[in-house]
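In: Prediction below, plus the sequence it came from.
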Amino acid sequence: QVQLVESGGGLVQPGGALRLTCQASGTIFRVNAMGWYRQAPGNQRELVASITKEGFTNYADSAKGRFTISRDTAKRTVYLQMNSLKPEDTAVYYCNQVLATTATDYYGADYWGKGTLVTVSS
């Protein structure tokens with residue numbers, strides 16, 4: 001019953017910016033971690049950025065210095081601010097949240113959004 005809905009993708013020129021948003025809904029007791037992944041045609045899905053419930057962040061080398069992950073835990077929402085976009089950033093971006101749906105579910109489970117397409121092209 002947990003759903004993740006992404007928004008904010010689209011077409012942008014090289015050097016431009018986009019902000020992705022992912023909000024979870026349903027019966028959620030605790031958010032353990034949040035992250036963004038992407039998958040370009042012919043490639044495997046790869047981590048872009050993640051943030052733990054304590055607020056520690058991790059970025060792929062390709063995202064460092066250009067992308068920023070942030071969250072609003074109370075709103076079950078994670079954001080990805082993407083600046084200085086490059087054509088090689090073109091991909092479907094997927095939201096991932098590790099959510100506990102009960103008080104006894106310590107580790108939680110992975111939930112995924114359906115993805116939002118980001119196209120960087122002139």
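Out: Arrived safely, thanks for sending. Numbers count the residues shown, from 1 in each chain.
In: any chance you could map the strands in this protein?
Out: Using DSSP state E, the strands of the chain run over residues 3-7, 10-12, 18-25, 30-39, 46-52, 57-59, 67-72, 77-82, 91-100, 109-112, 116-120.
In: Include mean pLDDT when you put these into CSV, please.
Out: Formatted as CSV, these follow (pLDDT from 0 to 100):
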stretch, mean pLDDT
strand 3-7, 95
strand 10-12, 98
strand 18-25, 97
strand 30-39, 95
strand 46-52, 97
strand 57-59, 98
strand 67-72, 97
strand 77-82, 98
strand 91-100, 96
strand 109-112, 95
strand 116-120, 98
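In: Could I get these in TSV, plus columns for mean neighbour count?
Out: Where you see a C-beta, it was placed from the backbone N, CA and C, and this is true even at glycine. Output for the strands of the chain, formatted as TSV (neighbours: other C-beta atoms under 10 Å):
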stretch	mean neighbour count
strand 3-7	16
strand 10-12	14
strand 18-25	19
strand 30-39	21
strand 46-52	18
strand 57-59	15
strand 67-72	18
strand 77-82	22
strand 91-100	21
strand 109-112	14
strand 116-120	18
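In: And the contacts of stretch 55-69?
Out: 34-36, 46-51, 78-85, 88-89 (C-beta atoms under 8 Å, 6 or more residues apart in numbering).
In: Let's see that with 10 Å instead.
Out: 17-20, 33-38, 46-52, 70-71, 73, 78-86, 88-89 (C-beta atoms under 10 Å, 6 or more residues apart in numbering).
In: Kindly export it (C-alpha atoms) in PDB.
Out: Coordinates of each C-alpha in stretch 55-69 appear next as PDB, following Å, rounded to 0.1, in the frame of the first residue of the first chain:
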ATOM      1  CA  GLY A  55      21.100  13.000   7.300                       C
ATOM      2  CA  PHE A  56      24.400  11.600   6.000                       C
ATOM      3  CA  THR A  57      24.600  11.900   2.200                       C
ATOM      4  CA  ASN A  58      26.400   9.900  -0.500                       C
ATOM      5  CA  TYR A  59      26.900  10.900  -4.100                       C
ATOM      6  CA  ALA A  60      28.100   9.100  -7.200                       C
ATOM      7  CA  ASP A  61      31.300  10.700  -8.500                       C
ATOM      8  CA  SER A  62      29.300  11.900 -11.600                       C
ATOM      9  CA  ALA A  63      26.900  13.800  -9.300                       C
ATOM     10  CA  LYS A  64      29.400  15.400  -6.900                       C
ATOM     11  CA  GLY A  65      29.400  19.200  -7.000                       C
ATOM     12  CA  ARG A  66      26.400  19.400  -9.300                       C
ATOM     13  CA  PHE A  67      23.500  17.500  -7.600                       C
ATOM     14  CA  THR A  68      22.200  17.900  -4.100                       C
ATOM     15  CA  ILE A  69      19.900  15.500  -2.300                       C
END
